[in-house]
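Visitor: have a look; sequence and predicted model below, questions after that.
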Amino acid sequence: MTMSITRTGSVAVVSIDNPPVNALSQQLRADLLEAVRQLDADDAVKAVVLVCAGRTFMAGADVGELGRPPQPPHLPAVVAGIEGARKPWVAAIHGSALGGGLEVALGCAYRVAAASASLGLPEVKLGIIPGAGGTVRLPRLVGPAAAVDLVTSGSPVGAARARELGLVDAVIDGDLRTGAIALARDIADKPAPQPISSRPVPAVEAGFWERAEQAVAARARQELAPLRALASLRNASMTDFAGAMAYERATFLELRDSAQAAALRHVFFAERAAPRPPELAGVTPRDIRSAAVVGGGTMGAGIAAALRDASLPVVLVERDAEAVERGLAGIRAIFEASVKRGRMTAEMAAERMAGIVGSEDYGRLAETDLVVEAVFEDMAVKRAVFGRLSDACRPDAVLATNTSYLDPNRIGDGLARPERFLGLHFFSPAHVMKLLEIVPADATEPQVLATGFALARLLGKIPVRAGICEGFIGNRILKATRAQAERLLLAGATPSAVDAAMRAFGLPMGPLEAQDLGGLDIAAFQRKAARARGEAPFAPIADRLCAAGRLGQKAGGGWYDYADGDRRPSPSDRVAEIIANEASGRDRLHWDERSIADAIVLPMVSEGAAILDEKIALRSADIDLVQIHGYGFPRWRGGLMHHALVRGLRDVVDGLERLSSQGLAAPPSRALIRAAAAGAFDDP
Ligand code: NAD
């Protein structure tokens with residue numbers, strides 16, 4: 001049973017109970033229509049309250065039905081049924097009214113919400129548009145401007161804002177059900193309001209739709225759904241209700257079957273699976289009520305800010321008093337920037353800072369539950385730090401390293417109780433980037449690994465389990481990306497052409513401008529260490545740039561020149577000269593955007609397949625999450641490995657063989673060749 005009906009006087013209460021989120025399953029849709037039928041036939045009922053059990057109102061479609069043809073009754077018919085009911089329905093919203101849930105509420109004569117409720121139409125985030133009148137009823141209720149914001153962003157609004165917009169009729173402070181029943185009694189004898197479907201769409205000023213289109217196109221980049229949602233809203237403002245509904249439904253059905261929607265659904269499911277690795281089923285994480293960060297540089301400051309954002313008290317340990325002050329100033333700057341952007345108030349920033357203690361004294365860590373080390377990327381320095389943590393911390397404290405490339409097994413051996421040690425690899429800026437690679441060392445015990453995943457949840461991050469190799473998942477693929485960018489330059493492509501092609505592919509930034517932003521020194525340091533081990537990393541041009549002091553934006557030049565105070569890259573004659581020198585005697589080939597993107601992306605896939613084969617990543621979808629949340633790979637492409645599958649693994653192998661025969665890439669990895677033969681990656 002997903003529904004029950006009770007009476008209080010002349011008010012009927014329809015209670016939905018379809019755990020966990022009251023998703024609009026086929027059963028629930030049928031039940032709602034049945035409720036309309038029953039209550040319409042009952043003369044004793046004057047008004048109806050629609051309320052949900054559990055933690056939320058109807059939070060959307062049934063994810064089990066995503067991507068499959070929905071079974072009747074379809075949602076538009078359910079919403080129309082409620083809207084056409086002979087008794088006025090009052091939606092009582094708590095938790096989230098999202099997608100189809102909000103569309104059901106828009107069929108009701110009234111909507112009331114708990115103060116903590118949020119309402120939204122997030123369909124564009126799944127590559128579709130609302131399909132049950134969302135783009136048609138919403139502009140009729142709240143006007144086109146607010147409807148455009150809500151539908152094309154997919155972001156929800158809180159109850160107070162919903163009240164301002166007219167999306168809800170009242171915000172109820174006390175018990176929601178009681179408040180909704182009181183309202184239902186109140187309106188039972190009044191004339192029913194005009195159904196939203198028969199209201200006109202408020203007029204807009206000239207040029208409104210053209211401006212909206214420009215703004216949405218700029219934000220959506222290559223995502224189809226936001227612009228198609230806008231087109232549906234615009235159409236709804238010019239067409240009668242039935243025509244607008246038909247247009248919306250046709251768009252919805254078309255997008256539902258699109259490659260982008262399939263990719264976005266894939267990412268949605270990957271994100272749901274990532275926090276729950278099967279090996280940790282039933283393992284209870286340790287409690288994390290306090291945290292510390294050792295090293296307050298770029299990463300340490302960001303990690304400390306992220307820990308504070310999750311309300312944990314934080315100790316920041318640095319080398320000396322001056323470094324402590326610098327570290328604290330770095331964290332303060334992060335919160336101040338958030339205040340400037342309107343993301344938090346000055347009081348919130350002060351409260352965040354008040355929860356951080358800076359110290360040079362490891363003795364301050366005696367009671368800390370979790371310590372994240374973010375000192376220099378140097379084995380000896382890191383081992384020394386863990387030696388001190390071993391002495392200073394409680395024996396059950398979880399100790400983590402944020403190393404990018406070093407072997408966690410070597411960092412953590414020698415630790416008293418190495419089973420409480422693991423790698424937690426944050427991405428820069430650590431308070432912003434969603435990805436957290438969680439790297440168990442050989443000795444890490446399951447409970448400690450589970451604690452890493454629990455921490456990710458606490459910090460609102462996407463956790464991906466990664467095995468040990470140089471660079472783990474993300475930076476190992478990045479190495480392939482960067483090497484390919486250099487091969488392209490040696491073969492006649494310009495830095496601007498390489499970056500532009502990758503932006504056209506869907507990345508927010510090309511690989512060379514991204515290096516300029518982050519600085520070329522970290523990778524140079526790592527290459528130096530690799531050479532000391534007898535390896536031969538390939539970065540002939542980056543090596544020359546570093547030798548010339550061109551370390552990126554912070555040095556006024558890197559792959560590009562930067563005029564004083566200007567962060568926009570401009571092509572550099574000096575770099576062109578360096579490239580020409582390195583490339584002398586080689587063929588200069590013609591490169592277009594597609595061939596550049598292939599020369600970069602196909603070797604990344606090859607590396608990804610090897611990473612999966614070596615069990616450095618547990619599933620190909622985890623590699624997709626790393627690429628999307630750590631490196632800006634376009635979500636609408638579904639991530640690196642999904643993109644390769646859509647393109648066809650055979651085609652990827654053929655492309656790589658062509659590149660490698662010209663000396664422009666390594667041959668495809670054996671793992672990729674095997675996957676191409678099987679037609680799929682070897683996922684569990
Ligand atoms: P950074 O140079 O900005 O900061 C390192 C900090 O560690 C400095 O403030 C230094 O004073 C402090 N420190 C050094 N020795 C110490 C000691 N013995 N005790 C206490 N503090 C000490 O470096 P970063 O970029 O923040 O990188 C830190 C770690 O994070 C490295 O392992 C790096 O590989 C890793 N990492 C960096 C990035 C990135 O993009 N920068 C991303 C992920 C991981």
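Guide: Received the coordinates, thanks.

Visitor: what does stretch 89-96 rub up against?
Guide: 21, 47-52, 54-57, 59, 82, 97, 104-105, 107-114, 116-120, 156, 159, 168, 172, 176-177, 179-180, 183-184, 187 (Cβ atoms under 8 Å, 6 or more residues apart in numbering). In short, each C-beta sits where N, CA and C put it, glycine included.

Visitor: and those residues near the ligand, which?
Guide: Judged by Cβ under 6 Å from any ligand atom, the overlap between those and the neighbourhood of the ligand is nil.

Visitor: my guess is residue 607 contacts residue 476. True?
Guide: Yes. Under the criterion of Cβ atoms under 8 Å, residue 607 lies in contact with residue 476, with a separation of 6.5 Å.

Visitor: which bits of this structure sit near the ligand?
Guide: Residues of the chain found near the ligand, taking Cβ under 6 Å from any ligand atom as the criterion, are 294-300, 317-319, 323, 374-377, 381, 385, 402-404, 426-428, 518, 522.

Visitor: try it again at 5 Å.
Guide: Residues of the chain that fall close to the ligand, judged by Cβ under 5 Å from any ligand atom: 295, 297-299, 318-319, 323, 374-377, 402-404, 428.

Visitor: thinking again about what came up before, between residue 607 and residue 476, who's got more neighbours?
Guide: Neighbours per residue (other Cβ atoms under 10 Å) separate residue 607 from residue 476, with residue 607 holding more: 25 against 21.

Visitor: and the more buried one, how far from residue 576?
Guide: Using Cβ to Cβ, to the nearest Å, we find residue 607 at a distance of 29 Å from residue 576.

Visitor: now swap in residue 86 and tell me
Guide: Between residue 86 and residue 576 the distance, using Cβ to Cβ, works out to 76 Å.

Visitor: with residue 222 instead?
Guide: According to Cβ to Cβ, residue 222 stands 30 Å off from residue 576.

Visitor: can you check residue 497 too?
Guide: For residue 497, the distance to residue 576 (Cβ to Cβ) stands at 12 Å.

Visitor: now do the contacts for the residue in the stretch 151-300 of the chain that the ligand sits nearest to.
Guide: The shortest separation between the stretch 151-300 of the chain and the ligand is 1.8 Å, found at residue 297 (distances taken as Cβ to the nearest ligand atom). Neighbouring residues of residue 297 by Cβ under 8 Å, 6+ apart: 327, 330, 374-375.

Visitor: check residue 132 too.
Guide: Shown in contact with residue 132 (Cβ under 8 Å, 6+ apart): 74-76, 78-79, 100, 103-104.

Visitor: so which of the residues you listed are in helices?
Guide: With helices identified by DSSP state H, the entries of the contacts of residue 132 that belong to them are 75-76, 78-79, 100, 103-104.

Visitor: are any of those buried, and which?
Guide: In these, burial by neighbour count holds for 75-76, 78-79, 100, 103-104, counting by 16 or more other Cβ atoms under 10 Å.

Visitor: how many other residues sit next to residue 645?
Guide: By other Cβ under 10 Å, 20 other residues sit near residue 645.

Visitor: skip ahead from the lowest-mean-pLDDT helix or strand in the chain and say which helix or strand is next.
Guide: Sorting the helices and strands of the chain by mean pLDDT, DSSP states H and E puts helix 521-532 at the bottom, at a mean of 90. On the C-terminal side of helix 521-532, the closest following helix or strand by DSSP states H and E is helix 540-547.

Visitor: show me which residues of the following helix or strand past that following helix are buried.
Guide: Past helix 540-547, further along toward the C-terminus, the next helix or strand under DSSP H and E is helix 573-583. Along helix 573-583, these residues count as buried under the neighbour rule (16+ other Cβ under 10 Å): 575, 578-579, 582-583.

Visitor: and the helix or strand that comes right after helix 573-583, how far from the chain's centre?
Guide: The helix or strand immediately downstream of helix 573-583 is helix 593-613, counting by DSSP H and E. In terms of Cα atoms, centre = their mean, to the nearest Å, the centre of helix 593-613 is set 22 Å apart from its chain centre.

Visitor: and helix 593-613, C-alpha only, in PDB?
Guide: The C-alpha atoms that make up helix 593-613 are tabulated as PDB, following Å, rounded to 0.1, in the frame of the first residue of the first chain:
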ATOM      1  CA  GLU A 593      39.500  20.400 -33.100                       C
ATOM      2  CA  ARG A 594      38.300  16.800 -33.500                       C
ATOM      3  CA  SER A 595      41.800  15.400 -34.200                       C
ATOM      4  CA  ILE A 596      43.300  17.300 -31.300                       C
ATOM      5  CA  ALA A 597      40.600  16.100 -28.900                       C
ATOM      6  CA  ASP A 598      41.100  12.500 -30.100                       C
ATOM      7  CA  ALA A 599      44.900  12.700 -29.600                       C
ATOM      8  CA  ILE A 600      44.300  13.700 -26.000                       C
ATOM      9  CA  VAL A 601      41.200  11.800 -25.000                       C
ATOM     10  CA  LEU A 602      41.900   8.400 -26.600                       C
ATOM     11  CA  PRO A 603      45.200   7.800 -24.700                       C
ATOM     12  CA  MET A 604      43.300   8.800 -21.500                       C
ATOM     13  CA  VAL A 605      40.800   6.000 -22.200                       C
ATOM     14  CA  SER A 606      43.700   3.600 -22.800                       C
ATOM     15  CA  GLU A 607      45.200   4.600 -19.400                       C
ATOM     16  CA  GLY A 608      41.800   4.300 -17.800                       C
ATOM     17  CA  ALA A 609      41.400   0.800 -19.100                       C
ATOM     18  CA  ALA A 610      44.800  -0.200 -17.600                       C
ATOM     19  CA  ILE A 611      43.800   1.400 -14.300                       C
ATOM     20  CA  LEU A 612      40.600  -0.600 -14.200                       C
ATOM     21  CA  ASP A 613      42.500  -3.800 -15.200                       C
END
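
Visitor: flag every buried residue along that helix.
Guide: For helix 593-613, the neighbour count (16+ other Cβ under 10 Å) marks 595-613 as buried.

Visitor: list the contacts of residue 487.
Guide: For residue 487, counting by Cβ under 8 Å, 6+ apart, the contacting residues are 599, 664-665.

Visitor: go again with 10 Å.
Guide: The neighbours of residue 487, taking Cβ atoms under 10 Å, 6 or more residues apart in numbering as the test, are 493, 538, 540-541, 599-600, 603, 659, 662-666.

Visitor: could you check the pLDDT of it?
Guide: In the prediction, the pLDDT value recorded for residue 487 is 98.

Visitor: how about residue 566?
Guide: At residue 566 the predicted local confidence, pLDDT, stands at 87.

Visitor: quick one, strands of the stretch 251-400 of the chain?
Guide: 291-294, 314-317, 356-359, 370-373, 398-401 (DSSP state E, counting those that start in this stretch).

Visitor: all set now, cheers.
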